[in-house]
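Student: The sequence isn't on hand, but the structure is:
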């Protein structure tokens, strides 16, 4: 019975061609269709018909998902030796077979049925029929699963959500449907509205475009979901989301490109909020942003990174010279110095001086003194 859903595909394919639902199938239709199928298809069609006939003896299969009566097709007489030691079908396997058959009748794809098989194995091991599965069960299995299995369980959860939305499948998913509208464990996967609001405000403050804003929200949602699935406490603040372990993004369900994009989005946002923003630095950044400078070209964060506790008006050419030399000088962390960081800082200072020459900071009192001895 575990393979009943697969076996019945041959019948369901012909029924769909005739525009018929399971309850529309009659013995006459089975007989006429058997005569229509080719010789090579006849065996699989008969096997599918017998699989459906077997469901009449399975408790709990809704009548709406079955024909009004068995197919009426007769099995070929077996030799006595062929009928010995036939494997018995457990009630759990029969129940899952009936559920997968119902999914096929509702148009679910073979890939979706395969996803359900992953959940079926977990359920049978825990002695649970389809109508005993709820969202908490899937969440708990997901938390315990190895990284390589998490993607398959998530796909099964997606199929279960799709099935739970169909009233005609509710008899198979009584426990799951009972939790559809409740605030259950799945709610922990979603970012709280307060954090989403903080994310949008942060994107506005940085000056992100709509696409970059969406990318940041998707990255944070994904990271938070993986964080909770790893049996960790749900985040309550944006800071906690940005502090989540980025190694979680190495999940098998994400492509290499997605992993790289999500890491970059989260790191950029974390780097921005971790700076020592004061009202003066915030105003200076906003002036550059509102002048139409893209966030990636705004030099203020790169300068503030090395300003520590200094305000913009405290910066001088001497300060810049000292910072540049300290970056190039060998240290415990970098025996050869960090000339690359020194060049990046100078490049951003040059951007700042270009903006000054363009009049962006005209009549602004918080602007630092000229930091470069000569104009770029």
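Tutor: Done, it's in. As the structure is a computational prediction, the values presented were derived from the model and not from experiment.

Student: Let me know the distance separating residue 121 from residue 152.
Tutor: Per C-beta to C-beta, to the nearest Å, residue 121 is found 10 Å from residue 152. No exception for glycine: its C-beta is placed from N, CA and C like everyone else's.

Student: Of those two, which one has the most company?
Tutor: The neighbour comparison of residue 121 against residue 152 (other C-beta atoms under 10 Å) goes to residue 152, with 17 against 12.

Student: which one is the more buried one nearest to, not counting chain neighbours?
Tutor: residue 118 (4.6 Å; C-beta to C-beta, 6 or more residues apart in numbering).

Student: Which other helices and strands does the host helix or strand of residue 325 contact?
Tutor: Residue 325 belongs to helix 317-328 when assigned by DSSP states H and E. Helix 317-328 is packed against helix 339-357, with contacts defined by 3 or more C-beta pairs under 8 Å, 6 or more residues apart in numbering; DSSP states H and E.

Student: For the helix it packs on, name the packing helices and strands.
Tutor: Helices and strands touching helix 339-357, by 3+ C-beta pairs under 8 Å, 6+ apart, are helix 300-307, helix 317-328.

Student: quick revisit: can I assume the residue nearest to residue 152 is in contact with residue 150?
Tutor: No - contact criterion C-beta atoms under 8 Å: residue 118 and residue 150 do not qualify, at 10.8 Å.

Student: which stretches of the stretch 201-350 of the chain form helices?
Tutor: Under the criterion DSSP state H, counting those that start in this stretch, the stretch 201-350 of the chain carries helices at the ranges 210-229, 238-242, 256-273, 279-290, 300-307, 317-328, 339-357.

Student: got these as JSON lines, with mean neighbour count columns?
Tutor: Formatted as JSON lines, the helices of the stretch 201-350 of the chain follow (neighbours: other C-beta atoms under 10 Å):
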{"stretch": "helix 210-229", "mean neighbour count": "19"}
{"stretch": "helix 238-242", "mean neighbour count": "19"}
{"stretch": "helix 256-273", "mean neighbour count": "16"}
{"stretch": "helix 279-290", "mean neighbour count": "17"}
{"stretch": "helix 300-307", "mean neighbour count": "20"}
{"stretch": "helix 317-328", "mean neighbour count": "15"}
{"stretch": "helix 339-357", "mean neighbour count": "17"}
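
Student: which stretches of the stretch 1-150 of the chain have low pLDDT?
Tutor: Along the stretch 1-150 of the chain, segments meeting pLDDT under 70 span 1-6, 59-64, 76-89.

Student: All the helices of it, residue numbers only.
Tutor: Going by DSSP H, counting those that start in this stretch, the stretch 1-150 of the chain shows helices at 4-7, 9-17, 27-36, 39-55, 91-105, 110-125, 135-144, 147-164.

Student: Any idea how far the longest one is from the middle of the chain?
Tutor: Computed by C-alpha atoms, centre = their mean, to the nearest Å, the chain-centroid distance of helix 147-164 equals 10 Å.

Student: What of the second one?
Tutor: In terms of C-alpha atoms, centre = their mean, the centre of helix 9-17 is set 33 Å apart from its chain centre.

Student: Pull out the buried positions in that helix.
Tutor: 9, 10, 11, 12, 14, 15 (16 or more other C-beta atoms under 10 Å).

Student: How about the longest one?
Tutor: Within helix 147-164, the residues scored as buried using 16+ other C-beta under 10 Å are 150, 151, 152, 153, 154, 155, 156, 157, 159, 160, 163, 164.

Student: ok, back up a step: mind putting the helices and strands packed on helix 339-357 into a markdown table with distance to residue 101 and mean pLDDT?
Tutor: Below are the helices and strands packed on helix 339-357 laid out as a markdown table (distance: least, C-beta to C-beta, whole Å; pLDDT from 0 to 100):
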| stretch | distance to residue 101 | mean pLDDT |
| --- | --- | --- |
| helix 300-307 | 59 | 95 |
| helix 317-328 | 68 | 94 |
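
Student: what separates the nearest residue to residue 47 once chain neighbours are set aside from residue 55, distance-wise?
Tutor: Among residues not flanking residue 47 along the chain, residue 7 sits closest, at 5.0 Å (C-beta to C-beta, 6+ apart). Distance from residue 7 to residue 55, counting by C-beta to C-beta: 11 Å.

Student: Find the residues that touch each one of those two.
Tutor: Counting by C-beta atoms under 8 Å, 6 or more residues apart in numbering, residue 7 and residue 55 have no shared contacts at all.

Student: about what we covered before: so which of the helices of the stretch 1-150 of the chain gets nearest residue 298?
Tutor: Comparison of the helices of the stretch 1-150 of the chain against residue 298 by C-beta to C-beta identifies helix 147-164 as nearest, at 37.5 Å.

Student: And the contacts of that closest one?
Tutor: 103, 106, 108, 112, 115-116, 118-119, 122, 133, 135, 138, 141-142, 145, 169-170, 172-173, 176-177, 180, 229, 250-253.

Student: tilt between it and helix 135-144?
Tutor: Angle, helix 147-164 to helix 135-144, by axes from the mean of the first three to the mean of the last three C-alpha atoms, to 10 degrees: 160 degrees.

Student: Compute the inter-axis angle for helix 147-164 and helix 210-229.
Tutor: Calculated by the same axes, to 10 degrees, helix 147-164 forms an angle of 100 degrees with helix 210-229.

Student: Mind checking what helix or strand follows helix 147-164 in sequence?
Tutor: Under the assignment DSSP H and E, the closest C-terminal helix or strand after helix 147-164 is helix 174-178.

Student: mind listing what's buried in that next one?
Tutor: Per 16+ other C-beta under 10 Å, helix 174-178 contains these buried residues: 175, 176, 177.
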